[in-house]
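Q: Below is the sequence, then the predicted model.
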Amino acid sequence: MPVTVPYRRYSTNTAHWWIGRAVHDVVKGAGLRPTDIDGLSVASFTVGPDTAIGLTQHLGLSPRWLDNVPLGGASGVVALRRAARAVQCGDAEFVVCVSGDTNHVDSFRNMLTTFSRFAQDAVYPYGSGGPNAGFALITRHYMRKYGATREDFGKICVAQRANALAFPHALMKKPLTLDEYMTARAISDPIHLYDCVMPCAGGEAFLVCREDAARSLNLPYASVLGTIERHNAFPDDPIQYRGGWAMDIDELYGMAGIKPDAVDFVQTYDDYPVICMMQIEDLGFCAKGEGAAFIRSHTLTADGTFPHNVSGGQLSVGQAGAAGGFLGLVEALRQVTGTSLGAQVPDARIGLVSGFGMITYDRGLASGAAILAGAGA
Amino acid sequence: MTKPLVRPKRKDPLKKTREPLLPHGQRSRTALGLTAAAAEGRFALQVCTDCSATIYPPRDACPRCLSLRIPFKDVPNGGTLLAETTIRTSIDVYFRERMPWRVGVVELDCGPSIVTHLHGDAREGERVRMEFKLDRSGQAVAIALPERDTPNMADDPEWRELTCDPKFRRVLITDGRTGVGQAMAKALSAAQASIVFVGLADPWKPFPGEAALKAIERVEIVPLDMTDSVSVDDIAGEIGGRVDILINTAEHVRAGGMIERKGLNVAREEMDVRYFGLMRLAQAFGPALRARGADGVNSAAAFVNLLSVYALMNWPAYGAFSATEAACLSAAQSLRTELRPGGVKVMNVFSGPLETEWYQSVPPPKVTPDALANAVVDGLRRGLEDVYVGDIAQDVRTRLAVNPKAVERELGA
Amino acid sequence: MDAQSLLGFAAAIADGSISVVDLTHTLSPSFPTIVMPPELGQCAPFRMEEISRYDERGPAWYWNNLSMGEHTGTHFDAPIHWVSGKDLPNSSVDTIPVASFIAPACVVDISAQAAANPDYELTVADLEAWEAAHGRIPPRNWVLLRTDWSKRLGRDYVNMSEDGPHSPGPCPDAVRWLIDERDVHGFGTETIGTDSGQANHSNPPYPAHYFVHGHGRYGLQCLTNLDLLPPTGAVIFSAPLKIRKGSGSPLRVLALVPRRE
């Protein structure tokens, strides 16, 4: 049973607290004790100066497998990949994959100034104080190159908001109309208010173990049909219009033994709607450049023709730091096990989760994807 | 099209002066290679010695072949503006009060993509010229300019923020007695400075060019004796809050080395005029300059030192003088850091021997006062920090970068 | 002279029946100094650097460091200052007999001539005419040349042209006459220098310096308020600083004058 620690806009608690709470909830929810946990994977931006190792002592765990996943929005997929391999070859039995971040009033600003060397040298001096300008440039370039419009992006955001209204942990609680999306205040042209996630505090966690272990504990579970990971893909593209998935997508579907049309819902990483559109293309649902047309010809709500970010995604739930990279995966686990807290995609058996992140200069470097199947798939 | 700058009105004496803020100034050491280039107005990037890749952002290994031999070299600065955005809101306090602010990404002809500030006339999809300029933190930033010059280009707000253009600013030239001082007054008036204060010491001593100096448009003569602390303090008290660019033209040039010049009298004068004079200016004018770095169109912008290039390496024929100039250079470096919180640049303009009386016996090439003045105006317009004027200065600089010990020997030959 | 007379003299100063006239310009940075040709060593102008002023550099006190030349502002010239006096005994400010620092003065007024001609030089005839009115110049008296030049300010005081300064002084014959014929104690002027502004063209150049110091006598320069002195009867106090081997020094020059009723 994956867990979500309810998000809060600002928190005076530390990341250690949020992570600790998520670990507690996932261990208890599985009917286990902390001493049963022999694998730990941690993704967090604000747990510094600690990393995963400091948390072992802090939380009283003695794992024989330990991982630190500093990959932002790709953390969930990558944590899953690593933990699955550990369990497969017997390095660990029960791996807790956790992501949690706090959000103090100055967390965002502090993180930006120390995010990466390239951000320090070549981005932060250029005005924005954040990734908004960089993604505005990517969005603008994509719109000019492929003819996508703000309305196309707006449709993604509006559908995600509709999905979020049923999700109890979403911080955005009011419906969003396309008109409100279009007329919202500009942040960095062409990005406006509802293209941007709201940073918040929160935690997400899930357990990775062998199938027979899950069954013996009577836990609802999903299987990993296939996963890929790729970083710093297409470095010679002058500006980003595609991500790492485009390099390895055939291997993903080949490993899973399915085609894209077998997927019941898609959880893209939604830091900005242009990236959702890019993922829909690179994950094989349409050709490069046809993302806008695809969006126009589908409905993206949980009950639609292409269910997408069915708990609302970060754009409507909130981005709890690195936990934003777990949000889509945790929702996918709930969907394929029929345990959704909000809207349920009918007959959701196979879900595709995509991760993306780490804009250290002008493009997201990390990417990954996983295809999950529920027990009945 | 750039809106032409409007001459600022007189300052409202009841309004709080906007405090200077700085953009983010932290850089990795390798990235300071860009700062070195921007200081001199060069466009340089790392170029791999082994595979010729041009690299950006600055880093410590070639991303194409992993070579560690990636020195900075001057590269062609043409490119295409791939995308632009107008930032409307920022959590960064410096940019927050300068919104809206345009940035873009340019694909350089030489290879890399570069996130950059934009001149207002740089258009998406079109060709641009790139420059590295020093921003208010004294660090290099890129700015994309339209491929061809456009009307009123220098008045663009993002460009003006990165430069020290004398247009509509008030200038103090510390000594108008000399040929250099007079050429400076002429050049700054022509550069549309709104007032050119010219300092004169010893009003009872006439000098050639006096009438012509007083006739230059917008020149105001003020009493200023660089060797007299009281004089410097007094004039700073009167006009310090209205000086945006200070150009120190006080000179003292005499031949002779450490042994040859008998006694210390000349050396005392030399240090008093040049080094202590600089210190007096720093103490008297520095605080006001530093406080007014963000004070509107005619904000405090620059402190300009005219230095002998022999400040960098002693020329024994003028050995004691070279040592004094070296003291001034070091002092200017300190001043640069001390004025930085105000976003005020210290510009050092190095020249070899000048076409003035105390270099009379030195063979050409020599730098005329007009050439020096024009170099100062050009340096201010481009926001440079280190300017080398004339063949000798550029020659010394080039040779120093290769083998300083050789220069020491050759200057002593 | 007994002690009573001396005390009576002090009382007379205290009650004003002897008036004390200050013949000294205030030492300030703006007072012009003599300018030598640029290749030669220059006399330092007067400068003050504040050490502290009831502040963090010195909380309860105010004081300054000074720099100046021996010949800055109102100043005394000792015989050793000139080449013609270099080998004389007791010729520096620290070895001049101190009694020499107090002496009576004759004030010779050529202010009208100087007003008409800045290069006017005092002649023997001028001195003889003065003596006809005021009596023979006694031996060992200062002769102070009143030109009212001290009333001029700034540029007009130095009166510098392309060929140098133009200010009044004595002609060579007048100096020789004062020394040979009248055993003068010393020569004092209101201008910068005891010689005229164009005296480098005289024969010999700078005759006042040459002859006065060559005969072991003294100079006073940049005096003011000579128009407040009677032609005779003033007593000058002019003690320079006791500088080791000094050629002169800035000083306070005071004239004691009987108060007119």
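A: Done, it's in.
Q: Okay, helices next: where are they in the chain?
A: By default, I'm working from chain A. Listed in chain order, the helices of chain A (DSSP state H) span A:15-29, A:52-59, A:75-88, A:107-113, A:117-122, A:132-146, A:150-164, A:178-183, A:211-216, A:245-256, A:273-282, A:291-296, A:313-317, A:324-336.
Q: Correction: the question concerned chain C.
A: Secondary structure of chain C (DSSP H): helices located at C:3-14, C:111-116, C:124-134, C:154-158, C:172-182, C:207, C:214.
Q: And the average pLDDT for the longest one is what?
A: For helix C:3-14, the per-residue pLDDT values average out at 93.
Q: which residues sit against that helix?
A: With contact meaning CB atoms under 8 Å, 6 or more residues apart in numbering or on different chains, helix C:3-14 is reached by C:18, C:20, C:256. Any C-beta I mention is one placed from the backbone N, CA and C, and that applies to glycine too.
Q: out of these, which one sits closest to residue A:232?
A: Distance to residue A:232, by CB to CB, is smallest for residue C:20 among the contacts of helix C:3-14, at 92.5 Å.
Q: Hmm, that closest one is touching residue C:259, no?
A: No: Residue C:20 is beyond contact range of residue C:259, at 10.1 Å (criterion: CB atoms under 8 Å).
Q: Dig out what the residue of the stretch 151-300 of chain A found nearest chain C forms beta bridges with.
A: The minimum distance from the stretch 151-300 of chain A to chain C, using CB to the nearest CB, falls at residue A:199 (46.8 Å). Beta-bridge partners recorded for residue A:199 (DSSP bridges): residue A:319.
Q: Tell me if the helix or strand bottoming out on mean pLDDT in chain A is near chain B.
A: Least confident helix or strand, chain A: helix A:107-113 with a mean of 76, by mean pLDDT, DSSP states H and E. Yes: judged by CB under 8 Å from any CB of the partner chain, helix A:107-113 comes into contact with chain B at A:108, A:109, A:112, A:113.
Q: Can I get these in a markdown table including neighbour count?
A: Shown next, in a markdown table, are these (neighbours: other CB atoms under 10 Å in any protein chain shown):
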| residue | neighbour count |
| --- | --- |
| A:108 | 15 |
| A:109 | 14 |
| A:112 | 20 |
| A:113 | 13 |
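Q: out of the residues you listed, who's nearest chain C?
A: Of all those, the one with the least separation from chain C (CB to the nearest CB) is residue A:113, at 35.8 Å.
Q: so the closest one sits right up against residue A:120, yeah?
A: Yes: with contact defined as CB under 8 Å, residue A:113 counts as touching residue A:120 (7.2 Å).
Q: Any idea how many residues pack against the residue of the stretch 151-300 of chain A closest to chain C?
A: By other CB atoms under 10 Å in any protein chain shown, the residues close to residue A:199 number 19.
Q: quick one: residue B:401 and chain C, what's the gap?
A: 36 Å (CB to the nearest CB, to the nearest Å).
Q: which SSE is that residue in?
A: Residue B:401 is part of helix B:390-402 when elements are defined by DSSP states H and E.
Q: could I get the helices of chain C as TSV with mean neighbour count?
A: Shown next, in TSV, are the helices of chain C (neighbours: other CB under 10 Å):
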stretch	mean neighbour count
helix C:3-14	10
helix C:111-116	15
helix C:124-134	14
helix C:154-158	17
helix C:172-182	19
helix C:207	24
helix C:214	19
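Q: of those, which approaches residue B:401 most closely?
A: Evaluated with CB to CB, these place helix C:154-158 nearest to residue B:401, the distance being 49.2 Å.
Q: near chain B at all, that closest one?
A: Yes: among the residues of helix C:154-158, C:154, C:155, C:157, C:158 lie within reach of chain B under CB under 8 Å from any CB.
Q: so what's residue B:276 closest to, chain neighbours aside?
A: Excluding the flanking residues, the one nearest residue B:276 by CB to CB, 6 or more residues apart in numbering or on different chains is residue B:227, at 7.4 Å.
Q: wait, the one you found sits on residue B:271?
A: No: counting by CB under 8 Å, residue B:271 is not a contact partner of residue B:227; they are 10.0 Å apart.
Q: and the two? which has more neighbours close in?
A: Higher neighbour count among residue B:227 and residue B:271: residue B:227, with 24 against 19, using other CB under 10 Å.
Q: Verify the assumption that that one is located in a helix.
A: No: counting by DSSP: H, G, I helix; E, B strand; the rest coil, residue B:227 is not part of a helix but coil.
Q: give the contact list for the residue nearest to residue C:202 when sequence neighbours are not counted.
A: Distances taken as CB to CB, 6+ apart place residue C:172 nearest to residue C:202, at 5.6 Å, with adjacent residues excluded. If you count contacts by CB under 8 Å, 6+ apart, residue C:172 has them with C:202, C:203, C:204, C:207, C:211.
Q: do residue B:278 as well
A: Applying CB under 8 Å, 6+ apart, we find residue B:278 in contact with B:248, B:305, B:328, B:331, B:332, B:335.
Q: Show the contacting residues for the first one.
A: Taking CB under 8 Å, 6+ apart as the definition of contact, the neighbours of residue B:248 are B:174, B:175, B:277, B:278, B:281, B:303, B:304, B:305, B:306.
Q: next one: phi and psi at the residue lying closest to residue B:263 once chain neighbours are set aside?
A: What sits nearest to residue B:263 in space, not counting adjacent residues and going by CB to CB, 6+ apart, is residue C:41, at 7.2 Å. In terms of degrees, to the nearest 10, the main-chain angles of residue C:41 are phi -70, psi 140.
Q: Now do the single nearest residue of the stretch 251-400 of chain B relative to chain A, the pLDDT please.
A: Across the stretch 251-400 of chain B, the shortest distance to chain A (CB to the nearest CB) belongs to residue B:343, at 13.5 Å. Listed pLDDT for residue B:343 reads 97.
Q: my guess is it contacts residue B:293, does it?
A: Yes: between residue B:343 and residue B:293 a contact is recorded at 3.7 Å, counting by CB under 8 Å.
Q: Contact partners for residue C:144?
A: C:105, C:106, C:107, C:108, C:187, C:188, C:189, C:220, C:223, C:226, C:229, C:236.
Q: closest to chain B among those residues?
A: residue C:189 (17.3 Å).
Q: Can you get me the start-to-end distance on stretch C:113-128?
A: Terminal residues of stretch C:113-128 lie 16 Å apart, using CA to CA, to the nearest Å.
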